[in-house]
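Visitor: Take a look and give me a structure for this.
(one chain, ligands or ions: 1)
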Amino acid sequence: MTSPSVRAGALTQQQAAVAVTAPAFVPACPGAGKTHVITSRHLQSPRRLLRQGRALISFTRVARDQMARRCRQAGRADLVQAPHFIGTLDSFLWEFLVKPRRAAEPVPRLLESWASIKAPVEGVDREISLHRFPMTLDPSPIPAREAVAWDKLDYDTRQLIEASACSQQTWQEKIFATRKAWCEQGYFTGHEARVLALWNLRNPEAATALLGPLRSRFAEVVVDEAQDCSAADLAILQLLHDAGVPLVLVGDPDQAIYAWRGAEPQALHAFAARLSPTAHPLTGNWRSSPVICRLAATLRTGQRPPDTSVVRDDDDIPVLLLPIQFATSGSRHLHAPTGTGIVDAFRTLAEEYTVPAENCLVTAYKYATLPGITREKPNTNTITSLAWARTVAHTPDASGDDLTRACTIAVRVLFGYWYPGETGGPDRIMATHRLSAGQVNRTAFAFLHSLPPPHREWAPQVWQAMKAWPALPGAAPQGSKGRPAGKPTISRPQAATGLRTNTVHQLKGDQADGVLLLLPDAGSVQRWATADPATDEVLRIWYVAVTRARRLAAVALPEQETDALARLLTERQVPVRVA
Ligand SMILES: Nc1ncnc2c1ncn2[C@@H]1O[C@H](COP(=O)(O)OP(=O)(O)OP(=O)(O)O)[C@@H](O)[C@H]1O
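Guide: Modelled structure (predicted):
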């Protein structure tokens, strides 16, 4: 246990952040208890019926659900309802800055992404769905400038575009035209919500109509994980601040790992300084051991001292450095000293320190680096996604997340065939035909399980199976609409590792007793030693990874680099063990 004074100091910081008057910025270290602080702030609200509420905004549904759950667990279900609001930034912008200005018909709807509906780009020479074109938004010009992020296309989409006879210019025009057509039918995603929110806030008449109700509804708007705010998000928040909406931003600029969406640590710092001259920092880490706090400090800006480990000063396990022979497939990375697989080697070492493997996780920047069950490739074509889903359905010990994802893919494929003319996502189709989620998921999973193992000529077999499968109520197939085509890219089935594995981006906000970070690229140590985390996002990604660990942090790197990292960390007073 740490000394009572360390704990008291961290609690005092938390209490100051709970009580601070808006506008305010709370920069928080990893494991600082951001969610705890935000919900405690909310739980202080009096029980009587309030005229004004508080908005708690997060970037993910998981964070949103966690905050709502804590309020309910504290016996304050009232704090989840109006006049309060607990939700994602997308839904906040949509509810309060976009929807009130839309016509009632067609019913305006916020989609999680264009992938939620079947929206191919129209008027070009090959079929690519709208969701495969990420967009950027520069808020500085008026109106804000949108563009297709051509450099962020996934591999498959790039190949398709390169093989197309249409120019990039034509694609861009058709992408925006297709998007416009969907918006005219009432469909929008978070990106369009931002474009419209900016537009409305910059238009005096719309701004007056929106801001009056917003100010009278909310005494305060709290933004969690503020480091994930893009430039457009910050521009919107700036306009709200200028209009007198009291803001509280809570976040860790060192954990900004969405630069490609325009989230830059410097931009947050600049905005925070405009919000309030004094920050209310949280530097007590309630999660990690002192060794992990020290390791983390080597990966962040400004040479600040390590954060204070609040809960564990008796548990000084050194940072483990694993010399590895990396292979192209994650499941064939070998631990050089023993010749065993990387996961087995990590498991054995973790157990030496009484860290049970089931409380550990393995992470890397890219999916491809990870061992274990093959990942679904993001944004791939339908037949490849379905092949992945079928593999998952047949993998013993597949994770709940993978199974849910596999089921979603099967539902999308079956619905595309059974309800071809119907726009909208599965939810809308289910509502129209009074289908229950259980019924739909059982059908989709049974169908998936029945499919033969994927191979290059798999699509015709899938098509036969789709036609033969007993349809759900209301199904009205039209000829070959929804027929899967093409050849799937097949990934070799891999045994599940028994350890949680995920990319760093998927681990935000997560934690585990032991964490193994894989750094397969040559030159990683050089980067660790010399790059600046303020400008090099890769270091911030490593920072997020190691700070998920409670007791044991391990880094796997090419065997010829291990000693260099050991020297670097030792120089910076981080105990290490090469094993
Ligand atoms: N005052 C407190 N007393 C006891 N435990 C706390 C306190 N504050 C936070 N914790 C615990 O510390 C851990 C880390 O908190 P949390 O996950 O909210 O951190 P975070 O600030 O969101 O971190 P990160 O940004 O790294 O994800 C949690 O297990 C939480 O329950």
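Visitor: Now for L11, which secondary structure element holds it?
Guide: Assigned by DSSP states H and E, L11 falls within helix 4-19.
Visitor: For this protein, what lies in contact range of the ligand?
Guide: When proximity is defined as CB under 6 Å from any ligand atom, the chain approaches the ligand at 11, 14, 28, 30-36, 252, 255, 286-287, 509, 547. The way it works is simple: take the backbone N, C-alpha and C, and place the C-beta from them, glycine included.
Visitor: how about 5 Å then?
Guide: Contacts of the chain with the ligand, taken as CB under 5 Å from any ligand atom, map to 30-36, 286-287, 509.
Visitor: which of these count as buried?
Guide: By neighbour count, with 16 or more other CB atoms under 10 Å, these hold 30-35, 286-287, 509 as buried.
Visitor: any chance of the residues you listed in CSV, with pLDDT and secondary structure too?
Guide: What follows is those, written out as CSV (pLDDT from 0 to 100; DSSP: H, G, I helix; E, B strand; the rest coil):
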residue, pLDDT, secondary structure
P30, 95, coil
G31, 95, coil
A32, 96, coil
G33, 94, coil
K34, 93, helix
T35, 91, helix
W286, 94, coil
R287, 95, coil
G509, 78, coil
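Visitor: among those residues, which two are most distant?
Guide: Using CB to CB, those span at most 13.7 Å, a distance reached by W286 and G509.
Visitor: And the helices in the stretch 301-450 of the chain?
Guide: Assigned by DSSP state H, counting those that start in this stretch, the helices in the stretch 301-450 of the chain fall at 342-352, 382-393, 400-418, 426-432, 437-450.
Visitor: Among those, show me which one is buried the most.
Guide: For those, average neighbour numbers computed from mean count of other CB atoms under 10 Å are highest in helix 382-393, which has a mean of 23.
Visitor: can you list contacts of the helix holding L11?
Guide: Outside of helix 4-19, the residues within contact range by CB atoms under 8 Å, 6 or more residues apart in numbering are 26, 28, 32-33, 36-37, 40-41, 44, 250, 280-284, 286, 308-311, 313.
Visitor: which residues touch V26?
Guide: Applying CB under 8 Å, 6+ apart, one finds that V26 lies in contact with 17, 20, 34, 37, 248-251, 279-282.
Visitor: Just the closest of the residues you listed to the ligand, please.
Guide: K34 (3.4 Å; CB to the nearest ligand atom).
Visitor: So that closest one sits against Q255, correct?
Guide: No - shown here, K34 and Q255 do not form a contact pair, counting by CB atoms under 8 Å, at 10.3 Å.
Visitor: Please identify every residue contacting each of these two.
Guide: Overlap of the contact sets of K34 and Q255 (by CB under 8 Å, 6+ apart) consists of E225.
Visitor: Quick check: which ranges of the stretch 151-300 of the chain have low pLDDT?
Guide: 262-263 (pLDDT under 70).
Visitor: Do you have the helices of it handy? List them.
Guide: For the stretch 151-300 of the chain, helices defined by DSSP H, counting those that start in this stretch occupy the ranges 155-163, 168-184, 190-202, 204-217, 231-242, 265-275, 290-297.
Visitor: most tightly surrounded among those helices?
Guide: Comparing the helices of the stretch 151-300 of the chain by mean neighbour count (mean count of other CB under 10 Å), helix 290-297 comes out on top with a mean of 24.
Visitor: which stretches of the stretch 351-500 of the chain have low pLDDT?
Guide: Residues of the stretch 351-500 of the chain that meet the cut-off, pLDDT under 70, sit at 373-380, 396-397, 424, 490-497.
Visitor: Name the residue of it that lies nearest to the ligand.
Guide: In the stretch 351-500 of the chain, no residue comes nearer to the ligand than N359, which is 13.0 Å away by CB to the nearest ligand atom.
Visitor: ok, now which ones touch A165?
Guide: If you count contacts by CB under 8 Å, 6+ apart, A165 has them with D125.
Visitor: Make 24 the starting number, not 1.
Guide: Sounds good: first residue 24 from here, last item A188.
Visitor: The ligand versus that one, what's the distance?
Guide: Relative to the ligand, A188 is positioned 48 Å away (CB to the nearest ligand atom, to the nearest Å).
Visitor: What is the longest strand of the chain by residue count?
Guide: Counting residues, the longest strand found in the chain (DSSP state E) is strand 572-581.
Visitor: In the protein, which residue sits nearest the ligand?
Guide: Distances between the chain and the ligand by CB to the nearest ligand atom are smallest at G56, namely 2.6 Å.
Visitor: Just give the nearest non-adjacent residue to A373, would you?
Guide: The shortest distance from A373 to any residue other than its chain neighbours is 4.7 Å, reached at G537 (CB to CB, 6 or more residues apart in numbering).
Visitor: what kind of secondary structure is the one you found in?
Guide: Using DSSP: H, G, I helix; E, B strand; the rest coil, the structure places G537 in strand.
Visitor: so it makes contact with V378?
Guide: Yes - the pair G537 / V378 is scored as a contact, 4.4 Å apart, by CB under 8 Å.
Visitor: Those two: who's more crowded?
Guide: The residue with more neighbours, out of G537 and V378, is G537; 27 against 24, by other CB atoms under 10 Å.
Visitor: Neighbours of the spatially closest residue to L580 that is not a sequence neighbour, how many?
Guide: In space, and not counting its chain neighbours, L580 is closest to L542: 4.6 Å by CB to CB, 6+ apart. When counting by other CB under 10 Å, one arrives at 24 neighbours for L542.
Visitor: how much space between L542 and G110?
Guide: According to CB to CB, to the nearest Å, L542 and G110 sit 36 Å apart.
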